[in-house]
Each structure stands twice: as structure tokens, then as C-alpha cells.
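Participant: Build me a model from this:
(one chain, ligands or ions: 1)
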Amino acid sequence: MHQVNLTDNIYYVGVNDRKTHLFENYWPLDKGMAYNSYLIVDEKVALVDTVERNFIDDYLDNIDNILEGRKVDYLIINHMEPDHSGAIRAIVSRYPEITLVGNKKTFPMLSNYYQIKDNTLEVAEGDELKLGNHTLQFYMTPMVHWPETMVTYEVSNQILFSADAFGSFGALDGGIFDDELNLDFYEEEMMRYFTNIVGKYCPHTQRALKKLEGLSIKMIAATHGPVWRTDLNYILSRYQKWSSYETKPGAVIVYGSMYGNTEKMADAIARQLAVRGVKNIKVYDASKTHPSYIISDLFKYKAFIVGSCAYNNEMFPTVETLLTKIEHMGVKDHLLGIFGSYTWNGGGVKNINKFAEKIKWEVVNEPVEEQGALKKDKYEQCIELANAMADKLL
Ligand code: FEO
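Facilitator: Below you'll find the predicted structure:
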């Protein structure tokens with residue numbers, strides 16, 4: 001069995017999940033997922049976070065492989081979401097004298113999820129826990145990703161155990177450290193993970209980044225994705241950019257279309273944007289592409305152009321789902337274009353307009369709405385919309 005060392009006495013004991021189709025039963029895991037956990041061996045032994053419950057046997061084997069019979073003294077619970085807390089019962093059962101370390105928001109969750117109330121140690125901002133040569137410090141990072149989320153900083157090796165922050169979708173296929181991986185492979189999955197899982201909490205992420213600026217960090221060990229030990233700026237700069245809604249000139253065009261009429265409008269707009277010199281254009285059928293991929297691109301590009309046919313006086317359902325998600329995430333600072341089609345009394349454009357009022361992005365040009373198939377005058381209005389958007393982008 002391989003032992004994976006972060007340092008002489010700090011080990012990676014996480015697991016890969018290539019079985020689960022949907023993370024949180026919603027987000028597609030095309031490339032799997034890693035649930036990372038870490039073990040610090042000193043006069044006292046500490047585990048940092050656990051793993052998803054389906055991997056408990058492998059996880060306990062990973063720990064046994066290193067400890068060879070020694071007990072675990074502390075479990076640091078940085079985050080209570082079950083992809084990391086799922087093995088807590090198993091750990092408590094194996095090490096009944098273990099002390100569970102969390103903050104005041106951790107323990108009600110621990111009780112509610114697992115009915116565990118004993119042997120807890122509550123820590124607050126900046127508190128320290130000495131394990132021997134290793135000292136742990138705790139910093140609260142609420143809403144990155146849940147209210148109780150905190151990070152743990154190991155002082156002697158300057159390692160930040162960052163919970164979900166700086167994580168990624170994707171299993172760790174052999175390589176665990178950033179210098180062992182082709183990061184191009186992970187780039188899209190890192191962004192899709194951040195934007196969809198943490199993206200609602202960009203202001204909280206900004207506050208957390210500010211707080212962590214004061215620490216000297218040599219390694220970032222998140223609960224998902226690679227361990228960063230070589231090029232920390234790679235991930236830190238991306239989190240800075242993503243959480244401040246920094247976008248490139250480009251357009252995400254999304255449509256809901258039953259019979260192709262709204263789709264034709266999307267194609268007309270996309271073509272004219274390209275003619276005008278906009279290079280970054282992504283066109284998505286909302287019925288085909290999961291919202292997570294579209295939302296990830298929304299964080300990349302400034303313009304969002306959305307179209308819907310009418311469906312029982314409403315938006316098309318898949319467009320409605322996407323826009324509801326975007327509205328709840330509170331994504332900021334985009335340019336919005338609107339189009340759609342209908343057969344008798346509409347519903348698509350009318351309801352996208354309601355979304356526009358709530359999201360408060362700048363609406364570019366008048367919405368374009370066609371009755372039935374796309375005809376010359378509305379085609380020309382699509383071109384006008386594209387031109388107005390190109391003027392803003394370029
Ligand atoms: Fe990876 Fe919010 O749990």
C-alpha cells in the first residue's frame with residue numbers, strides 16, 4: 001500500500017469516488033470526485049476531516065496502513081457536509097476516546113446528523129491545538145461552503161487544510177500533488193466546482209481570501225482535488241478572479257426550444273456575434289446541457305443571452321430551472337440579451353423579463369420575440385441584438 005506524505009508526519013488518507021453519478025445528487029461527476037482527508041502523526045494523532053460514507057472501509061484501511069495500531073486522538077471537523085463527515089460515526093466507533101474538534105456551529109450539526117454529542121472540543125477564531133511538534137490553528141470561513149465551515153492551519157509546515165475552498169471535481173488519477181498532474185485536465189472541473197458549489201458565496205470567499213492573506217502558506221490541502229504545494233498562485237489567483245465575478249469578453253447563449261424556432265434565433269445571434277469579432281461564444285440547449293456547465297461558463301463570459309419558447313404560458317422548463325438557479329446564486333455584473341418565440345399568447349420572453357428585473361443585470365437591446373418560425377423582420381432584430389451586444393463587449 002502506498003503511503004502519501006505531505007511531509008514526514010502528515011499523510012494523505014483520502015479516497016476516490018468514480019461510482020457516484022451526481023454529487024449532492026445533482027451535479028454530474030463526469031470525472032469522479034476525491035474526498036480528501038489528512039492524518040497528522042505526532043505525540044497526539046489528529047485526523048483532518050473524513051470521507052463520504054460509501055468509502056469507510058477503504059478509508060479505515062488507509063489510516064491503519066499508517067498508524068499500525070496507534071489510536072487517533074483528535075478529529076478536526078472543518079466542514080460537516082456529509083461528503084466529509086460521512087465517516088465520523090465509524091471513526092468514533094473505532095476510537096471511542098477520540099476528541100471531536102469543531103466550532104460552535106459544528107456541534108449542533110454533528111448532533112442533528114449523527115446524534116453525537118460527547119467528547120467535543122470547541123475552538124474559536126485563532127485558537128491553537130498542540131499535538132507535539134505540530135500546532136494547529138483554526139480560522140472561521142463561514143459559507144465557504146456552509147455556516148460552520150472553518151480551515152485549519154498547521155504552523156510548523158505552513159499547511160492550510162482548507163476544507164472545500166480550493167477544491168475541484170475530479171478523482172485524483174494517480175497524481176495527488178499539483179506538480180504531479182496535468183492541471184489542464186482539472187481546470188474546467190475546478191471552475192465548475194467553485195462556481196456551482198461555492199459560487200453563491202463569492203462575497204464570503206472574498207472575505208476568507210482576505211483573512212488568509214495574513215498566513216504564510218506553503219501548501220494547500222483541500223477536501224477535494226489536488227494538494228497544492230508548488231504553484232499556489234495557480235489556484236489562489238483563480239479563486240480571486242472567480243469570486244470577484246471577473247469575466248472575459250464573450251457570450252453564453254442558452255435556449256429552450258421545442259421545435260427549433262427559438263434555436264434558430266440563438267444561431268442567428270451567435271453567428272452575428274462571430275461576424276462582429278466576438279471569439280468566445282458558447283451556445284447551449286438548456287434541455288441537453290446540465291446547468292452546472294452553463295453556470296461555469298457564465299462566470300467566464302460577460303454576456304448572457306437567453307431565449308425561450310413559451311410553454312403553457314411560462315418559460316420552457318429547462319430554461320426556467322437554469323434561470324432560477326442563477327437568480328438564487330446572485331451572480332453579478334453581466335450583460336443580458338433576451339429572445340424567444342411563441343405560438344399563441346407567449347410566456348417565454350415575458351417571464352425572462354421578470355428574471356431580468358430580479359437579477360438587475362444591464363439588459364442590452366430590446367428583447368426579440370417571434371411568433372412561430374423565424375422570419376425576416378425578427379431575424380433582423382436578432383442581428384440588432386447581436387450588434388448591440390458586440391458593441392458592449394468589444
Ligand atoms: Fe465537499 Fe461542502 O462539501
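Participant: What separation do you get for the closest residue to residue 147 other than its chain neighbours and residue 139?
Facilitator: Spatial nearest neighbour of residue 147, excluding adjacent residues (CB to CB, 6 or more residues apart in numbering): residue 105 at 5.2 Å. C-beta here means a position set from N, CA and C on the backbone, and glycine is covered the same way. According to CB to CB, to the nearest Å, residue 105 stands 14 Å off from residue 139.
Participant: Could you check which of those two has the larger neighbour count?
Facilitator: residue 139 (21 against 16; other CB atoms under 10 Å).
Participant: Can you tell me how far the more buried one is from residue 75?
Facilitator: 18 Å.
Participant: Kindly report the residues of the protein close to the ligand.
Facilitator: Within the chain, the positions adjacent to the ligand are 79, 81, 83, 84, 145, 164, 223, 224 by CB under 6 Å from any ligand atom.
Participant: now the residues you listed in JSON lines, with neighbour count?
Facilitator: As requested, the residues of the chain next to the ligand are exported to JSON lines (neighbours: other CB atoms under 10 Å):
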{"residue": "79", "neighbour count": "25"}
{"residue": "81", "neighbour count": "20"}
{"residue": "83", "neighbour count": "21"}
{"residue": "84", "neighbour count": "25"}
{"residue": "145", "neighbour count": "21"}
{"residue": "164", "neighbour count": "26"}
{"residue": "223", "neighbour count": "27"}
{"residue": "224", "neighbour count": "27"}
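Participant: Which of those residues fall within helices?
Facilitator: Members of these lying in helices (criterion: DSSP state H): 83, 84.
Participant: pLDDT check: weakest of the residues of the chain next to the ligand?
Facilitator: Within those, pLDDT reaches its minimum at residue 145, with 90.
Participant: pretty sure it is touching residue 80, no?
Facilitator: No: look at residue 145 against residue 80 with CB atoms under 8 Å: they stay out of range, at 10.1 Å.
Participant: ok but residue 370 is inside a strand, no?
Facilitator: Yes: assigned with DSSP: H, G, I helix; E, B strand; the rest coil, residue 370 falls within a strand.
Participant: remind me, longest helix of the chain?
Facilitator: Max-length helix for the chain by DSSP H is helix 376-393.
Participant: what's in contact with that helix?
Facilitator: Outside helix 376-393, the residues that touch it by CB atoms under 8 Å, 6 or more residues apart in numbering are 249-251, 265, 268-273, 276-278, 302-303, 305, 335, 337, 339, 362, 364-366, 368-370, 374.
Participant: How far off centre is that helix?
Facilitator: Put simply, helix 376-393 sits 33 Å off its chain's centre (CA atoms, centre = their mean, to the nearest Å).
Participant: and if you look at stretch 75-90?
Facilitator: Relative to the centre of its chain, stretch 75-90 is centred 19 Å away, using CA atoms, centre = their mean.
Participant: Check stretch 51-68 too.
Facilitator: The answer for stretch 51-68 is 26 Å, by CA atoms, centre = their mean.
Participant: what about that stretch, average pLDDT?
Facilitator: What stretch 51-68 shows for mean pLDDT is 96.
Participant: quick one: contacts of it?
Facilitator: With contacts defined as CB under 8 Å, 6+ apart, stretch 51-68 is touched by 1, 3, 11, 13-15, 17, 19-20, 35, 37, 39, 41, 45, 47, 50, 72, 82-84, 86-87, 90, 94.
Participant: Now the buried members of these.
Facilitator: Applying 16 or more other CB atoms under 10 Å to those, the neighbour count classes 11, 13-15, 17, 35, 37, 39, 41, 45, 47, 50, 72, 82-84, 86-87, 90 as buried.
Participant: Which of these fall within strands?
Facilitator: 11, 15, 17, 35, 39, 41, 45, 47 (DSSP state E).
Participant: now, among these, which is nearest to residue 297?
Facilitator: residue 17 (25.0 Å; CB to CB).
Participant: isn't that closest one right up against residue 36?
Facilitator: No: at 11.3 Å, residue 17 and residue 36 do not qualify as touching, with contact defined as CB under 8 Å.
Participant: Give me the common contacts of the two.
Facilitator: Counting by CB under 8 Å, 6+ apart, residue 17 and residue 36 have no common neighbour.
Participant: just to revisit the earlier point, what comes up buried for the longest helix of the chain?
Facilitator: For helix 376-393, burial by neighbour count (16+ other CB under 10 Å) applies to 378, 379, 381, 382, 383, 385, 386, 387, 389, 390, 393.
Participant: right, and the secondary structure at residue 217 would be what?
Facilitator: Strictly by three-state DSSP, residue 217 counts as coil.
Participant: Spell out the residue ranges of the strands in the stretch 251-394 of the chain.
Facilitator: Using DSSP state E, counting those that start in this stretch, the strands assigned to the stretch 251-394 of the chain run over residues 281-285, 301-311, 314-315, 335-342, 362-363, 368-371.
Participant: Including distance to residue 115 and pLDDT, could the buried residues of helix 376-393 go into JSON lines?
Facilitator: As requested, the buried residues of helix 376-393 are exported to JSON lines (distance: CB to CB, whole Å; pLDDT from 0 to 100):
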{"residue": "378", "distance to residue 115": "61", "pLDDT": "98"}
{"residue": "379", "distance to residue 115": "63", "pLDDT": "98"}
{"residue": "381", "distance to residue 115": "61", "pLDDT": "98"}
{"residue": "382", "distance to residue 115": "58", "pLDDT": "98"}
{"residue": "383", "distance to residue 115": "62", "pLDDT": "98"}
{"residue": "385", "distance to residue 115": "56", "pLDDT": "98"}
{"residue": "386", "distance to residue 115": "58", "pLDDT": "98"}
{"residue": "387", "distance to residue 115": "62", "pLDDT": "98"}
{"residue": "389", "distance to residue 115": "54", "pLDDT": "98"}
{"residue": "390", "distance to residue 115": "59", "pLDDT": "98"}
{"residue": "393", "distance to residue 115": "54", "pLDDT": "98"}
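Participant: Quick check: of those residues, which lies closest to residue 190?
Facilitator: Taking the buried residues of helix 376-393 together and measuring to residue 190 by CB to CB, the closest member is residue 393, at 25.1 Å.
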